[in-house]
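sequence? don't have it. structure:
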């Protein structure tokens, strides 16, 4: 997901490594802080794959700065990854939020809707954090107030997301 986020942020504008790290941290930092030891190897992989380029600019008062730019291949790769989002990209909330942050870059409303449909299908399946055998337990069936709290909070989030998904899908389906 780090690579997807890098491609997504560079889709709009070239960025210096420090600015890119700030944006990545704002997107995922509360869950997965972005360390330099993780970011810069990812940048090098993307650069080696021809998905981004690096240009050196003189620094105002310090060392030269490196500006990262998305290549045409990088733009295509971002669109491919967004349009093909499935599996953990749909079911894992943190990965889903990364996909959602850049889904606007898919130029076709039908392609955007297809991704949202996959998330909607996932959210409509009965699930729980806790089970009695194969049967998912509801908050009301739990005596533990903390587990009940987990399910109550998750249910509220899912309800809000389902409403948003349905509303957004309705608009995308009628888009020209």
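Yes, it's here. Quantities reported herein were computed from a predicted structural model and do not represent experimental measurements.

rest of the way, CA atoms for contacts and neighbours
Will do.

how far away is residue 81 from residue 3?
In this structure, residue 81 and residue 3 are 10 Å apart, going by CA to CA, to the nearest Å.

quick one, which of those two is more surrounded?
Just comparing residue 81 and residue 3: by other CA atoms under 10 Å the higher neighbour count belongs to residue 81, 17 against 13.

chain center to the top helix by length along the chain, what's the gap?
The helix spanning the most residues in the chain, taking DSSP state H as the definition, is helix 145-173. Computed by CA atoms, centre = their mean, to the nearest Å, the chain-centroid distance of helix 145-173 equals 17 Å.

switch to numbering from 38
With the count now opening at 38, the last piece we talked about shows up as helix 182-210.

helices or strands up against it?
helix 146-161 (3 or more CA pairs under 8 Å, 6 or more residues apart in numbering; DSSP states H and E).

Report the separation between the residue most central in space within the chain and residue 126.
Nearest to the mean C-alpha position of the chain, by CA atoms, centre = their mean, lies residue 135 at 1.0 Å. Applying CA to CA, the value for residue 135 to residue 126 is 8 Å.

Give me the common contacts of these two.
Common neighbours of residue 135 and residue 126, counting by CA atoms under 8 Å, 6 or more residues apart in numbering, are absent.

For the one helix or strand residue 139 maps to, buried residues please.
Assigned by DSSP states H and E, residue 139 falls within helix 130-139. Using 16 or more other CA atoms under 10 Å as the test for burial, helix 130-139 gives 131-137, 139.

hang on, residue 163 is in a strand, isn't it?
No: under the criterion used here (DSSP: H, G, I helix; E, B strand; the rest coil), residue 163 is coil, not part of a strand.

Hmm, it is touching residue 173, no?
Yes: assessed by CA atoms under 8 Å, residue 163 is found in contact with residue 173 at 7.1 Å.

Compare the two (neighbour count), which wins?
It is residue 173, of residue 163 and residue 173, that has more neighbours when counted by other CA under 10 Å, with 14 against 10.

In three-state terms, how would residue 87 be classified?
Under three-state DSSP, residue 87 falls in the coil class.

List the contacts of it.
Residues near residue 87 by CA under 8 Å, 6+ apart: 108, 110-111.

Show me the shaky parts of the chain.
Counting by pLDDT under 70, the ranges of the chain that qualify are 66-70, 96-99.
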